[in-house]
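**Q** Quick one: sequence and predicted model below, then my questions.
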Amino acid sequence: MNRPVAIVTGASAGIGEATARRLAAEGFHVVLGARRLDLLEAIADEIGGTALALDVTDADSVAAFLAAVPDQVRVLVNNAGGARGLERVDQADEDNWRWMWETNVLGTLRITKGLLPALIASGDGHVVTVTSVAAVEAYDNGSGYTSAKHAQSALHRTLRGELLGQPVRFTEVLPGMVETDFSLNRFEGDADRADAVYRGLTPLTADDVADVIAFAVTRPSHVNLDRIDLKPRDQAAAARIHRAG
Ligand code: NAP
């Protein structure tokens, strides 16, 4: 395989799919991981990549995934994740919390830990972690998600220091509102509730985020973009939004 390898988790939809497509266009051989293998295979066919089933919450699935990836990996995009529910702390749903911590935090830990040797072996590794504005702000009713994203961010930033001196870069990408299936999944398929999130403003698209990720990974090796915040123009903070009408 002559092309450098990029691994994208959660590549079956949304930001992960857009990033996989964009990195392939930038010349990477992309390995796509997620649970919905049929979707991954269709995307991989189009971009000349490799589709591998991956459930980041399942240690056996992660082990099988790691066993199937090449010995040298240039880029890892930790993107698999999301939110479940929106409720006050005094109404907290522990199953939702568990899902968010398992997927966003422990999922990122398992995959990153497993791939660090291959990233270092490439001589020019790069870990991009998609956290969120929720990684730097707490907002009402969002504690399960904001706490998980804060933890995922802390994990990512710790690696930046621990791996200093190794040939690996670390970039955290913190999007605001991006119109994907994120809200549909957060609200268990309630399309009206999901649509209302994006009503009256122009949200970011998955391609907007992929664009930023591609920019970060195509800088020269000595340039480390540590943290990139991006939001729609009409969003100044997690819960400070201008809506038309
Ligand atoms: P999305 O359209 O719901 O995509 C989520 C992706 O994660 C899917 O490909 C899904 O694939 C994958 N995934 C979920 N659970 C997984 C698991 N256990 N193992 C492997 N893959 C899993 O949402 P998105 O907006 O693209 O979200 C991508 C990332 O951006 C998430 O980390 C999210 O927290 C973050 N983010 C999103 C927004 C936003 O407004 N959309 C804002 C800030 C940050 P399968 O279902 O096929 O497994």
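**A** Okay, I see it.
**Q** Show the average pLDDT along the helix or strand encompassing Phe215.
**A** Assigned by DSSP states H and E, Phe215 falls within helix 206-217. Taken as a whole, helix 206-217 carries a mean pLDDT of 98.
**Q** Check stretch 45-59 too.
**A** Across stretch 45-59, the average pLDDT comes to 98.
**Q** can you pull the contacts of the residue in the chain that the ligand sits nearest to?
**A** Going by CB to the nearest ligand atom, the ligand is nearest to Gly14 of the chain, at 2.2 Å. Just so you know, the C-beta spots here come from the backbone N, C-alpha and C atoms, and that holds for glycine as well. Contact analysis of Gly14 by CB atoms under 8 Å, 6 or more residues apart in numbering lists 178, 180-182, 206.
**Q** which residues of this structure fall in strands?
**A** For the chain, strands defined by DSSP state E occupy the ranges 5-9, 29-34, 50-53, 75-78, 125-130, 168-175, 227-230, 235-237, 240-241.
**Q** Run the contact check for the fourth one versus the ligand.
**A** No - Strand 75-78 stays out of contact with the ligand when judged by CB under 6 Å from any ligand atom, the minimum separation being 7.9 Å.
**Q** partners of that strand in the sheet?
**A** Paired strands of strand 75-78, with direction, are strand 5-9 (parallel), strand 125-130 (parallel) (DSSP bridges).
**Q** longest helix anywhere in the chain?
**A** helix 143-162 (DSSP state H).
**Q** before we move on, back to that, most packed of the strands paired with strand 75-78?
**A** Comparing these by mean neighbour count (mean count of other CB atoms under 10 Å), strand 5-9 ranks first with a mean of 29.
**Q** Tell me the gap between that strand and the middle of its chain.
**A** Relative to the mean C-alpha coordinate of its chain, strand 5-9 is positioned 11 Å out (CA atoms, centre = their mean, to the nearest Å).
**Q** And stretch 219-233, by the same measure?
**A** Relative to its chain's centre, stretch 219-233 lies at 14 Å (CA atoms, centre = their mean).
**Q** cool, and stretch 72-82?
**A** On CA atoms, centre = their mean, the centre of stretch 72-82 falls 7 Å from the chain's centre.
**Q** Then stretch 5-16?
**A** How far stretch 5-16 lies from its chain's middle: 8 Å, per CA atoms, centre = their mean.
**Q** Could you work out the end-to-end span of it for me?
**A** Start-to-end span of stretch 5-16 (CA to CA, to the nearest Å) is 15 Å.
**Q** Tell me how confident the model is about that stretch, as a mean pLDDT.
**A** 98.
**Q** Same check on stretch 232-244?
**A** The predicted model assigns stretch 232-244 a mean pLDDT of 97.
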